Structures are given as structure tokens and as C-alpha cells.
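K.L.:
Sharing a model that was predicted from the sequence below.
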Amino acid sequence: MSQEFEELEIAEFSTGYAANRSLLIANGGMISGSSIVDVKVSTVGGSTERKSLSVGDSLRYDTRDYGVYEIRLLTVQGNTARFLVSRTK
């Protein structure tokens, strides 16, 4: 299987969609003066994973129905975080 991926920018205290709207990814806030972002990942009706990520860190999320995804923090600029969302399985 070829790996599917997309980039997604999410402003602080906002939620974005990825993977054909299967994943909800929330930027729950940033630590001032750092590149650390509080990230929450879920699906509608599914469990929520929460993790603080620094640039380059990732969170692995198993949707059960849609596959396994890696959400990696690429950059933080102002109040916006940019993520790489990759389907791994």
C-alpha cells in the first residue's frame, strides 16, 4: 500500500479535518515562547488521544475503521501549527 499523507494548518484553539474528514485534529493551545502544542486527535464517536508535541514529534492514532495515522508537528508560526498527517496502515 502506498502511504497517503496531507499537510494541515490549524490555528490555536481550533479543530481541523484530515483523511477525508475521518480525523478531527485540535490545536488545544501552545506554550508561549516555545514550539510545544497540545494536540487532540479523534474520530466522531471514537476515543480521543491527547499529547503535547514539539516540532518533529508525532502521535500515532488507530481509528479502527479508517486505518492507523501518524500526526507529526512540522512547524509553529504565531498561533498556527502545521501538521503532516500520514496513513501508515
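P.N.:
All right, it came through fine. Numbers count the residues shown, from 1 in each chain.
K.L.:
for the strand ranked longest in the chain, what is the average pLDDT?
P.N.:
Taking DSSP state E as the criterion, the chain has its longest strand at strand 68-77. With pLDDT averaged residue by residue, strand 68-77 scores 95.
K.L.:
Pull out the buried residues from it.
P.N.:
For strand 68-77, the neighbour count (16 or more other Cβ atoms under 10 Å) marks Tyr69, Glu70, Ile71, Arg72, Leu73, Val76 as buried. Every C-beta, even on glycine, is put in place using the N, C-alpha and C of the backbone.
K.L.:
Out of these, flag the one nearest to Arg87.
P.N.:
Tyr69 (5.6 Å; Cβ to Cβ).
K.L.:
so how far is Lys89 from the closest one?
P.N.:
9 Å (Cβ to Cβ, to the nearest Å).
K.L.:
Arg72: what's it in contact with?
P.N.:
By Cβ atoms under 8 Å, 6 or more residues apart in numbering, the contact set of Arg72 is Leu53, Gly56, Asp57, Ser58, Phe83, Leu84, Val85, Ser86.
K.L.:
again, only using 7 Å
P.N.:
Going by Cβ atoms under 7 Å, 6 or more residues apart in numbering, Arg72 touches Ser58, Phe83, Leu84.
K.L.:
Using TSV, lay out the residues you listed together with distance to Asn20, neighbour count and secondary structure.
P.N.:
Shown next, in TSV, are these (distance: Cβ to Cβ, whole Å; neighbours: other Cβ atoms under 10 Å; DSSP: H, G, I helix; E, B strand; the rest coil):
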residue	distance to Asn20	neighbour count	secondary structure
Ser58	20	16	strand
Phe83	16	26	strand
Leu84	16	15	strand
